[in-house]
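*Asks:* A structural model of the following input is requested.
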Amino acid sequence: MKTHQAIDSRSLAMARAIVKKSILSNKERWQIYRKFQRHDTFGCYAHGLEPKTAVLPRHWLDRLVVISNANTRGVRGYCLHPVAVAASKLAAGRERDVEYVRVLKKKKLIQDEKTRSIVQRELPAEVAQRITTALESL
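*Replies:* So this is what the prediction gives:
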């Protein structure tokens, strides 16, 4: 059963506005984080970050994935596409991040060729090279 859907243009516009204007204050972000951080609330754990916190492919916002199903109780979550997650984690290069990407590959949530193509087109050459080298070593 598929648990995500493509993002529609209205939702994308809203997500862009939230990202660009940082509508939520730090206090509000913390309150949301505290309320939903527990795994037992929705069966998963999510931690929101500012876009500037991570290395992301240039068009990451256009590839957001909406998560909304019975498990989220109707709440719509805007999540990074797995390729953007992989790029960000491989750019960070921590062992736990590399392991995370290894699992993404094993579960076939990312494909090397697509990931490499996006990374090479949308990130600076030196960062793209570091990411593709790490990707190939998995």
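*Asks:* those helices in this protein, which residues are they?
*Replies:* Ranges of helices in the chain, per DSSP state H, are 9-21, 26-36, 39-42, 82-92, 95-106, 112-122, 125-136.
*Asks:* What separation is there between Val75 and Ser68?
*Replies:* 7 Å (CB to CB, to the nearest Å). (Glycine included, C-beta is placed from N, CA and C.)
*Asks:* do the same with Leu138
*Replies:* Using CB to CB, one gets 31 Å for the distance from Leu138 to Ser68.
*Asks:* go on, Ala91?
*Replies:* In terms of CB to CB, Ala91 sits 29 Å off from Ser68.
*Asks:* Ile131 now?
*Replies:* Per CB to CB, Ile131 is found 30 Å from Ser68.
*Asks:* Could you do Val85 as well?
*Replies:* From Val85 to Ser68 the distance is 19 Å (CB to CB).
*Asks:* again with Asp62
*Replies:* Relative to Ser68, Asp62 is positioned 19 Å away (CB to CB).
*Asks:* More neighbours: those two, which one.
*Replies:* In terms of neighbours (other CB atoms under 10 Å), Ser68 is the more surrounded of Asp62 and Ser68; the figures are 16 against 11.
*Asks:* List the contacts of the more buried one.
*Replies:* With contact taken as CB atoms under 8 Å, 6 or more residues apart in numbering, Ser68 is in contact with 5, 74-77.
*Asks:* Show me what counts as buried in stretch 130-138.
*Replies:* Buried residues in stretch 130-138, counting neighbours by 16 or more other CB atoms under 10 Å, are found at 130-132, 134-135.
*Asks:* per-residue confidence averaged over that stretch?
*Replies:* Averaged over stretch 130-138, pLDDT sits at 95.
*Asks:* again, but for stretch 52-68
*Replies:* 87.
*Asks:* Span of that stretch from start to end?
*Replies:* With CA to CA, to the nearest Å as the measure, stretch 52-68 spans 25 Å from end to end.
*Asks:* Flag every buried residue along it.
*Replies:* For stretch 52-68, a neighbour-count test (16+ other CB under 10 Å) marks 54-57, 60-61, 63-68 as buried.
*Asks:* cool, stretch 93-112 as well?
*Replies:* If you call a residue buried by 16+ other CB under 10 Å, then stretch 93-112 has these buried ones: 97-98, 101, 104-105, 110.
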